[in-house]
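>>> give me the fold of what follows.
(one chain, ligands or ions: 1)
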Amino acid sequence: MSSVWYYLNKLRSISGKILYINLIGMVIISLLEGVGILLLIPLLEISGLLEMNSIVESNQLFSQFTSLLPPSMLLIIILTGFLLIMAGQHLLHRKVSIQNVKIQEKFGRQIRIDLYKSILHSNWSFFLRKKKSDLINSLTTELARVIGGVNLVLQLTSNFIFTVIQIGLAFWLSAEMTFMVVVFGLILSFFSKKFIIRSKKIGSQTSLNAQEYLSGVTDQFNGIKEVKSNLLEETHLRWIQGLTAKMSDEQINYIKLTTSSQLFYKISSACLIVIFLYVSLTFFTIQKEQLLLVILIFSRLWPRFTSIQTNIEKIASTLPAFISINDLHKECVEATEFNGETRYDDNEPIKIVKSLSCRDIAFRYHKKNSLFALKDIHLTFPVNKMSAIVGPSGAGKSTLIDILMGLNRPERGEVLIDGIPLTANNLLSLRKSISYVPQDPFLFNASIRENLQMIQPEATDEDIWEALQFSSAAEFVMNLPEGLDTLIGDRGIRLSGGERQRIVLARAILKKPSILILDEATSALDSENEAKIQEAIERLKGKMTIIVIAHRLSTIRNADQVIVLDKGRVVQAGGFNQLANEKKSMFSNLLEKQMKAIP
Ligand SMILES: Nc1ncnc2c1ncn2[C@@H]1O[C@H](COP(=O)(O)OP(=O)(O)OP(=O)(O)O)[C@@H](O)[C@H]1O
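Residues are numbered from 1 along each chain as shown. Below you'll find the predicted structure:
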């Protein structure tokens, strides 16, 4: 329940005093409804159906009131009063309902933003641990269940207020009878605990199924080429048939559960009325007028008991979503990269004067696992020089880059910027001065211009064309149907791997970084384009610090230094020719293999 309290508190702080005003509105609506029913008393008296003075002592109030009115006007006055009270109640009800939706929307929007923000601000190791589809599921399905759950709590509160007021009115009419019904209601709610527990269990299953569904569908569409080329359609169809059957069963079980709890309540209410009538007529010599009124009130009250029960069951089924969203939120807070006051715009890019370096760095992805992805790393990346990192697959090249960018924190040792350790204080500034081109470049579903301006919103067309020219992308962009305004990605035209890489490179250059990091940036290029990018990088040399991860050693011939990694350690470092001449070394081996591979 602590997760529910957490979100109720949030609701309170997000909505402010309007929440309490609305709760008071609900109380007034319930009171007006009660008064409306009480007005039936003088009506029934006038109609001669009942003799009201005989009902309860408190009704003498009505008699005193009605005796003040002229008898000929009595019916009209009471009917007008009834009409005004009902109209007032419905008008207020409308206002409160609209206000409720406003409160719910504001709350829903705010917690969506808060969760999204805390996910975005989490550190890189959080993203390495988490499945993308689970995060999407949390931000969509689970969050919607939490918002729905909070709305249910609001409904429960209004039901509760209504019920308490109605009980109060019923007490006024007959304390013994009301006491009996309330005791009966409490006994029933004790027995209906098992429905609530089962609801929570079904709710947990709902969460698991939704997670499995989204994760499976995302994986399969991401790998649709493998699915089609390996004829895996049938296997995946069987998976979805199995999972959807499980989801249907779970929904049917939930409906069975809620309908049986309602059945339980309805049969119990029939029993209650029978017992009530029997006890009243046999032991309490109750008058028929009083009986009629109490039945009138309880016929309105009892459905409220049932809906309180249904509300609690529904809330129980959303509890697992509350717990999972709350846990995710806590995990994000623990994994926050920067503290809450950090303003992204306030940090200027860092100006490196001498070098970026690593001092005695060691890093493991899993602390329990003794395997070090990097160990004993002492390196210096001189400013405005080009450094290349090479090594076999799994050597730790990408891990080293992630540490340099401050995405991963070393377990031992530190990254130094001109001798100053990289900490949370200068991390943002460092990131602002870096442009990174990943192995698998990502482009948004937008035009080429938007994709480039995303990183540098104030870039002019001239800047964009210059960057495209630089990355050898200008020619093919010019030939696209709408030039810079051509849509790319899923909804636009498809670009080849090489074209995508050149656009992403142009985007990186547009930022005018002081450090350019290229992770296999030329891997998807043909030799002609690769040569063009080589020329471009040559042009950049001396203007910015360039760090390149390269598999194709031909691309790093002109690097100022080459660092060779193997099994997480630096095994060689020096100039290209110097390393190539070190016989029987890792570098000369790699070089030899590549020479042989070229026909
Ligand atoms: N998220 C991760 N969780 C656990 N281990 C990881 C993770 N990422 C990488 N590793 C491990 O760390 C080691 C270094 O991986 P890294 O990706 O840095 O190598 P690499 O030299 O960049 O390889 P490649 O050239 O194939 O991209 C490998 O043993 C790899 O299995």
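>>> elements contacting the helix or strand where Leu115 lies?
Assessed by DSSP states H and E, Leu115 sits inside helix 71-120. When contacts are defined as 3 or more CB pairs under 8 Å, 6 or more residues apart in numbering; DSSP states H and E, helix 71-120 packs onto helix 2-15, helix 17-38, helix 40-47, helix 143-173, helix 288-334. For the C-beta atoms, the positions are set from N, CA and C on the backbone; glycine is no exception.
>>> residues from the protein in reach of the ligand?
Residues of the chain lying close to the ligand (CB under 6 Å from any ligand atom) are 128, 365, 373, 391, 393-399.
>>> export those residues as TSV, with columns for distance to Thr178.
Putting these into TSV (distance: CB to CB, whole Å) gives the following:
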residue	distance to Thr178
Leu128	61
Tyr365	65
Ala373	71
Gly391	82
Ser393	78
Gly394	75
Ala395	79
Gly396	75
Lys397	77
Ser398	72
Thr399	71
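>>> out of the residues you listed, grab the one that's most surrounded.
In terms of neighbour count, Gly391 stands highest of these at 25 neighbours, by other CB atoms under 10 Å.
>>> contact partners for that residue?
By CB atoms under 8 Å, 6 or more residues apart in numbering, the residues touching Gly391 are 397, 564-566, 571, 586, 590.
>>> any idea which of these is closest to the ligand?
Each of the contacts of Gly391 was checked against the ligand using CB to the nearest ligand atom; the closest is Lys397, at 3.6 Å.
>>> check contacts around the closest one.
Lys397 sits in contact with 389-391, 519, 549, 565, where contact means CB under 8 Å, 6+ apart.
>>> list the contacts for the residue nearest the centre of the chain?
Residue closest to the average C-alpha location in the chain (CA atoms, centre = their mean): Leu139, at 2.3 Å. Taking CB under 8 Å, 6+ apart, we find Leu139 in contact with 112, 115-116, 119.
>>> drop anything exposed from these.
112, 115, 119 (16 or more other CB atoms under 10 Å).
>>> the ligand: which of those is nearest?
Ile119 (17.7 Å).
>>> okay, domains of this structure per the record?
16-334, 345-433+516-599, 439-512 (automatic domain parsing).
>>> how about the helix or strand hosting Asn589: buried residues?
For Asn589, the host element (DSSP H and E) is helix 586-597. Of the residues in helix 586-597, 586-588, 590-591 count as buried by neighbour count, 16+ other CB under 10 Å.
>>> any idea how far Asn9 is from the ligand?
36 Å (CB to the nearest ligand atom, to the nearest Å).
>>> likewise Leu328?
For Leu328, the distance to the ligand - CB to the nearest ligand atom - is 19 Å.
>>> what of His378?
Going from His378 to the ligand by CB to the nearest ligand atom gives 18 Å.
>>> for the ligand, what's the nearest residue on the stretch 1-150 of the chain?
Taking CB to the nearest ligand atom, the stretch 1-150 of the chain has Leu128 as its residue nearest the ligand, at 4.3 Å.
>>> picking up where we left off before, give me the mean pLDDT for the helix holding Asn589.
Mean pLDDT, computed over helix 586-597, is 78.
>>> just stretch 172-181 next, same as before
The pLDDT scores in stretch 172-181 average 75.
>>> buried sites along it?
Neighbour-count burial for stretch 172-181, counted by 16+ other CB under 10 Å, picks out 172-174, 177-178, 180-181.
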